[in-house]
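1. next come a sequence and a model predicted from it.
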Amino acid sequence: MPARVITITSGKGGVGKTTGVANLGVALALEGQRVIVLDADIGLRNLDVIMGLENRIVYDVVDVVEGNCRLQQALIRDKRLPELHLLAAAQTRDKTAVSPDQMASLSNDLRSECDFVLIDSPAGIERGFQNAIAGADEAIIITTPEVAAVRDADRIVGLIEAAEKGPATLVINRIKPDMVKRGDMLATEDVIEILAIDLLGIVPEDDNIIVSANKGIPIALDGQSGAGRAFRNIAQRILGQEVPFMAIAAEAGLLGRMRRLVGRW
Amino acid sequence: MTQKVATRIANGISIKGAKEGLVVAIGEGPWPDLVAQLDNDLQRKAAFFDGAHAIVRVGTRELATEELRQVQELLSANRMQMSGVVTSAEKTAEAATALDIPVALQSDDSWPVEAKPQHGEEPEEALFLKRTVRSGQTIQHPGHVTILGDVNPGGQVVAGGDVVIWGKLRGTVHAGAVGDDSSLVCALVLAPMQLRIGNHIARPPEEKPRDPRVPEIARVQGDGIVVEPWSMNRP
C-alpha cells in the first residue's frame, strides 16, 4: 500500500507543528508503522533538534533535490526507533532552494520507502508553505486555542481547500483546562465553530514538552506524560482506530467538567 | 428587463455593474470634461473594479479613434479592460474597429440615467454563494451579495449593492461600495470586525463585544450606521 503523505501546518508560528511532527512520527513508529519525517522549514530547521538528531546530519533535503546524494544517504535513522527516519532541512539555504514541484516529486519518491511521510511545514503562507503542501495527500492543521492562532489557521484552511488538498483535520494544542473553565481561554467548541473542520485530537499544555524539546527526546516516548499520551491517542486515530478523545483534567475535582471539553464525538 | 430612459444628463459618466460586466456609459458634455470625470471616477473606485472587463456605451456620440483610445488608456491605467463598445454612431463604430475592439452598432440611443446605481431601480445581477468566507478571502461583486455561510474574522465582502449573510458575520463588510449610502447589511449574527456602508464606517463598541441573539439589519441613518433587530413589520 502506498504511503500516506501528511503535511502538518498552521499558519501561525510556534503553535506546535514541529513538536507535532516529531511526536506523531514517534507515536506512529511505536504502533509499528514505517515513518519518514521531512523538515520543509529550509533555513530554519528545527525538526532535527527536537528529535535529537542534529549531530547526525550529513545530507539534507536540498542535497537530495539537487542530486548531490542518493535519497538513502540523506535519511537519518532515529536513535531509538529503527522504523523512524528523518530527512532534515538545510540550515544554510532558504525556502527558494526547492520548488513545489521538486517537493511533490520528492514526496512521491518517499512513498515507496515507508507507510507515512509527515512533512513539517514552516509558518506562513508563502513559498515555504507552498513547498510543504505540494506533495501532500492530507493536511493536519495545528492551532492553539488563541484568537490570533485561529485567525491564521482559518486562512490556512482556505488555502488548503483552494489547493484541493482538503479537507484538513484539526489538532488543538496547548490546552489549559483551568483557563478554559475560567473563560480565559477558547474552548474546543469555540475553535471548531470558526474553523469548521473535523477534530483529529487535542493536546494539553505540558511543561515536559519544553524539557523534551531541549533534550531532543520526543515526549511521545514517555507513556506517562499528558502530552505524550495525547500524541499517541492522535496517532491511533490517524491509523483509523476508533478511540475516544483524550480527557484533559487539571485537578481531580474538575474531571467531570473537563470531559465537556472532549466534545460530542 | 431594465427600463431605459432617453434623457440626457449634464453629468455624463456612469459606471455600473451589470450582467455582462461593467458598463461605462458616456453621455453628453464637452469631451475633455468627460475624460477628466472618467479618470476621476475610475481612480476613486479602482480597487473595487480591479481586473474588470468594461463595455463602453457611447450612444449617439461620434468619437474619433484618438478619443476612444483615450478611454481605453484610462481604463487600462486603472487595471481594467475595454472589452466592447455599444453605439449607434457609425463613426464611433469605425473607431472601435480601428482599435480592434468588438462593437455593437445599435439604434437604441438610450443609456442608464443615473451616475450612481440607484437603489431598487436597475436590478444588478446578485451573487449567491453557498460557503463560508474564510480569513484572507475577499468576495467582490458590483451588485448584491448573499452568502449562505459565515464570514470569518479576516474575511471580507465588498459589494456594490446590499449584503445578506445567512450565517455569522464576523469579518469585514462593505456594502454600497461605489458610494451608495442606501445599501443594507443583514446577518443572522451581526458581529463584524468593521462595517462599511457607502461612505460610512462603523466598528463594534470596545467595552462590550457584540453578541446579538437575533438577526439584525444595519443601515445608514443621518451621519452614521445604525443596527436594528430584524422585525417582520419592517417594510
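-> It's in.
2. contact partners of stretch B:167-177?
-> A:194, B:45, B:48, B:132-133, B:135, B:147-163, B:165, B:182-185, B:187-198 (C-beta atoms under 8 Å, 6 or more residues apart in numbering or on different chains). Every residue, glycine included, has its C-beta placed from N, CA and C.
3. if I look at residue A:78, how far off is residue B:53?
-> Separation of residue A:78 from residue B:53 (C-beta to C-beta, to the nearest Å): 57 Å.
4. those two: who's more crowded?
-> Set side by side, residue A:78 and residue B:53 show more neighbours around residue A:78, with 21 against 14, by other C-beta atoms under 10 Å in any protein chain shown.
5. domains of chain B?
-> B:1-106, B:108-235 (automatic domain parsing).
6. avg pLDDT for the last one?
-> Per-residue pLDDT values over domain B:108-235 give a mean of 84.
7. now do the strands in the stretch 1-150 of chain A.
-> Taking DSSP state E, counting those that start in this stretch as the test, the strands found in the stretch 1-150 of chain A are A:4-9, A:35-39, A:75-77, A:84-87, A:116-120, A:138-143.
8. make TSV from those strands and add mean pLDDT, mean neighbour count and distance to residue A:237 to it.
-> Converted to TSV, the strands of the stretch 1-150 of chain A look like this (pLDDT from 0 to 100; neighbours: other C-beta atoms under 10 Å in any protein chain shown; distance: least, C-beta to C-beta, whole Å):
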stretch	mean pLDDT	mean neighbour count	distance to residue A:237
strand A:4-9	98	25	12
strand A:35-39	98	28	16
strand A:75-77	97	18	26
strand A:84-87	98	26	19
strand A:116-120	98	27	13
strand A:138-143	98	25	11
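9. now render these as JSON lines, adding distance to residue A:159.
-> Converted to JSON lines, these look like this (distance: least, C-beta to C-beta, whole Å):
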{"stretch": "strand A:4-9", "distance to residue A:159": "9"}
{"stretch": "strand A:35-39", "distance to residue A:159": "20"}
{"stretch": "strand A:75-77", "distance to residue A:159": "29"}
{"stretch": "strand A:84-87", "distance to residue A:159": "24"}
{"stretch": "strand A:116-120", "distance to residue A:159": "15"}
{"stretch": "strand A:138-143", "distance to residue A:159": "10"}
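10. please name whichever of those is nearest to residue A:104.
-> Closest to residue A:104 of the strands of the stretch 1-150 of chain A, according to C-beta to C-beta: strand A:4-9, at 9.4 Å.
11. got the angle for the closest one vs strand A:138-143?
-> 20 degrees (axes from the mean of the first three to the mean of the last three C-alpha atoms, to 10 degrees).
12. what pairs with strand A:4-9, parallel or antiparallel?
-> Each strand paired with strand A:4-9, and its direction, by DSSP bridges: strand A:116-120 (parallel), strand A:138-143 (parallel).
13. dump the C-alpha coordinates for the last one into PDB.
-> The C-alpha trace of strand A:138-143 is given here as PDB (Å, rounded to 0.1, in the frame of the first residue of the first chain):
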ATOM      1  CA  GLU A 138      -3.700  15.100   3.500                       C
ATOM      2  CA  ALA A 139      -3.200  18.100   5.800                       C
ATOM      3  CA  ILE A 140      -3.300  18.400   9.600                       C
ATOM      4  CA  ILE A 141      -3.800  21.900  11.000                       C
ATOM      5  CA  ILE A 142      -2.300  22.600  14.300                       C
ATOM      6  CA  THR A 143      -3.600  25.500  16.300                       C
END
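14. to the chain's geometric centre, what's the distance from that strand?
-> 7 Å (C-alpha atoms, centre = their mean, to the nearest Å).
15. who touches it?
-> Under the contact criterion C-beta under 8 Å, 6+ apart, strand A:138-143 has outside partners A:4-10, A:12, A:15-17, A:20, A:133, A:149-150, A:152-153, A:156-157, A:160, A:165-166, A:168-173, A:191, A:195, A:197, A:200.
16. now, those that are in helices?
-> Counting by DSSP state H, these place A:17, A:20, A:133, A:149-150, A:152-153, A:156-157, A:160, A:191, A:195 in helices.
17. of these, which are in range of chain B?
-> Among the ones in helices among the contacts of strand A:138-143, the ones lying near chain B by C-beta under 8 Å from any C-beta of the partner chain are A:152, A:157.
18. just put the ones in helices among the contacts of strand A:138-143 in TSV and tack on neighbour count and pLDDT.
-> Below are those laid out as TSV (neighbours: other C-beta atoms under 10 Å in any protein chain shown; pLDDT from 0 to 100):
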residue	neighbour count	pLDDT
A:17	30	97
A:20	24	97
A:133	25	97
A:149	24	97
A:150	26	97
A:152	24	97
A:153	28	97
A:156	28	97
A:157	28	96
A:160	22	95
A:191	24	96
A:195	23	96
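19. Throw the ones in helices among the contacts of strand A:138-143 into a markdown table and include distance to residue B:204, thanks.
-> As requested, the ones in helices among the contacts of strand A:138-143 are exported to a markdown table (distance: C-beta to C-beta, whole Å):
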| residue | distance to residue B:204 |
| --- | --- |
| A:17 | 33 |
| A:20 | 35 |
| A:133 | 35 |
| A:149 | 22 |
| A:150 | 18 |
| A:152 | 22 |
| A:153 | 23 |
| A:156 | 26 |
| A:157 | 25 |
| A:160 | 30 |
| A:191 | 21 |
| A:195 | 22 |
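20. closest to residue A:234 out of the ones in helices among the contacts of strand A:138-143?
-> Closest to residue A:234, out of all of those and judged by C-beta to C-beta, is residue A:20, at 8.4 Å.
21. gap between that closest one and residue A:56?
-> 22 Å.
22. cool, and residue B:140?
-> Between residue B:140 and residue A:56 the computed distance is 51 Å (C-beta to C-beta).
23. comparing the two, which residue is more hemmed in?
-> residue B:140 (19 against 14).
24. surely that one meets residue B:158?
-> Yes - with contact defined as C-beta atoms under 8 Å, residue B:140 reaches residue B:158; the gap is 4.6 Å.
25. ok, which of the domains of chain B comes nearest residue A:182?
-> Across the domains of chain B, residue A:182 has its closest neighbour in domain B:108-235 (17.3 Å, C-beta to C-beta).
26. chain center to the closest one: distance?
-> Offset of domain B:108-235 from its chain centre (C-alpha atoms, centre = their mean): 13 Å.
27. same deal with stretch B:97-108?
-> Centroid separation for stretch B:97-108 versus its chain: 24 Å, with C-alpha atoms, centre = their mean.
28. ok, stretch A:35-49 next?
-> 11 Å.
29. start to end distance for it?
-> 18 Å (C-alpha to C-alpha, to the nearest Å).
30. also stretch B:89-104?
-> End to end - C-alpha to C-alpha - stretch B:89-104 spans 10 Å.
31. now swap in stretch B:13-29 and tell me
-> In stretch B:13-29, first residue to last residue: 10 Å (C-alpha to C-alpha).
32. stretch A:215-234 too?
-> Stretch A:215-234 has an end-to-end distance of 23 Å (C-alpha to C-alpha).
33. can you list the buried residues in that stretch?
-> Neighbour-count burial for stretch A:215-234 flags A:216-222, A:225-234 (criterion: 16 or more other C-beta atoms under 10 Å in any protein chain shown).
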